[in-house]
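In: Task: produce atomic coordinates for the following.
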Amino acid sequence: MKTATATTDLPCAERATSERRTFARRLRATFRSLFGGCGVTVRLRLLLFALLVPPPVIILYVLESRQGGDAGQLVALWLALSLILLKPLSSLAARWVSLGEINTINAFCAALRRGEYATRFALPTESEDEHELLRLKRDLNWLAHHIETRENWLRAMLDDTRERENHYKDLSRTDPLTGLANRRHFDTVLADMTGRRTRFALLEVDCDAFKTINDRYGHPAGDATLVALAQTLRVSVRESLDQAFRLGGDEFAVVLPYLDDDGALTVARRMRQRFTAANDFGATISIGVASISPRPGEPASARALVARCDAALYQAKASGGDQAVVAPATIPGTSPKGSTCF
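Out: Predicted coordinates for the structure are as follows:
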């Protein structure tokens, strides 16, 4: 029975504790609503009034009620209580008058350090005789507004600078006629691919008899042929993986990651067929194919890969053009025997 009674009384005790806490919160909220909005000067006046006026009134009342009692005892009692309560009352008074405001200002400054520039003090209408702490809050509000405005301006300028930087970077590595990447970007990508030591294939593409098209139909026709070739390369490769480049004149290149000779030949065959149908001047292309698959401990040379691909392209053009030739595994300058034509 005792256990049951204790268990039954437990929720009542918790409820009573909760009610006391709620009452204390409401009391603090009422105190803040009455005195929290007062300025520092008003608080000082109230504090001085509470310290100077009530004690003499109480002493006079006691003296009158006792009809000539010993006033010295009352004064001594008042002085003793004043000395005892001096420290706690002074701390409480300082917190109520100024330290609370200073803590609020410190919290505001901490928010500024965290980058929360939208923080503002809720202030009354400005007056001429307001306290210095209130003026300081107005200055801090202006400072936060100024910092927020400047930060937004700097962020906008930074975004614009980044856009311009990306734009000029794209211009520096893009061929203006065809829209493909240029020779500078080709060198960068090729060095990066060989540095990764992964398998990839390289195609070097050259337009057959391009000078004849320029001489017979004019340079606009030559430009149109180059644009058609660039578009053919662009649509014949894997999007976001393979990359096509214009090296200069009618010379183009394509980097095909993770492909070997057979895969690169399939792509080359597709390019030849599509370009023949895409141009209006009967132009054809020759393609040199070379691939690299570095082994552990074996150096990967971009220069050697380009030399092998150049040799295959030269053989394709020397054999009449309109074909793709796979580069031999030997160093250029040796017998090209073992190459494959398609």
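In: need the longest helix for this protein.
Out: Once the chain is assigned using DSSP state H, the helix that runs over the most residues is helix 132-172.
In: now for it, which elements pack on it?
Out: Counting by 3 or more C-beta pairs under 8 Å, 6 or more residues apart in numbering; DSSP states H and E, the packing neighbours recorded for helix 132-172 are helix 100-113. Yep, even glycine has a C-beta here, placed from its N, CA and C like the rest.
In: chain center to the helix it packs on, what's the gap?
Out: 28 Å (C-alpha atoms, centre = their mean, to the nearest Å).
In: quick check: angle from it to helix 132-172?
Out: Helix 100-113 runs at 0 degrees relative to helix 132-172, counting by axes from the mean of the first three to the mean of the last three C-alpha atoms, to 10 degrees.
In: Give me the mean pLDDT for helix 100-113.
Out: For helix 100-113, mean pLDDT rounds to 83.
In: which of the residues in that helix are buried?
Out: Along helix 100-113, the positions that meet the burial threshold by neighbour count (16 or more other C-beta atoms under 10 Å) are Glu101, Phe108.
In: what comes into contact with that helix?
Out: By C-beta atoms under 8 Å, 6 or more residues apart in numbering, the list of residues contacting helix 100-113 from outside reads Val40, Thr119, Phe121, Leu133, Leu136, Lys137, Leu140, Leu143, Ala144, Ile147.
In: Backbone dihedrals for the nearest residue to the last one once chain neighbours are set aside, please?
Out: So the one you mean is Ile147. Counting by C-beta to C-beta, 6 or more residues apart in numbering, Ile147 lies nearest to Tyr117, which is 5.2 Å off, once chain neighbours are set aside. Dihedral angles of Tyr117 (phi, psi; degrees, to the nearest 10) stand at phi -80, psi -10.
In: ok, Tyr117 - contacts?
Out: If a contact means C-beta under 8 Å, 6+ apart, then Tyr117 has Ala144, Ile147, Glu148, Glu151 as its contacts.
In: Switch those over to a markdown table; also include neighbour count and distance to Ala181.
Out: Compiled in a markdown table, the contacts of Tyr117 are given as follows (neighbours: other C-beta atoms under 10 Å; distance: C-beta to C-beta, whole Å):
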| residue | neighbour count | distance to Ala181 |
| --- | --- | --- |
| Ala144 | 20 | 47 |
| Ile147 | 13 | 43 |
| Glu148 | 17 | 42 |
| Glu151 | 12 | 37 |
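In: and the gap between the residue nearest to Ile147 and Ser127?
Out: As judged by C-beta to C-beta, to the nearest Å, Tyr117 and Ser127 stand 27 Å apart.
In: Can you give the domain ranges for this structure?
Out: 14-147, 183-341 (automatic domain parsing).
In: And these: which comes nearest Arg173?
Out: domain 183-341 (3.7 Å; C-beta to C-beta).
In: Pull the distance from the closest one to the chain's centre.
Out: Between the centre of domain 183-341 and the centre of its host chain there is 39 Å, according to C-alpha atoms, centre = their mean.
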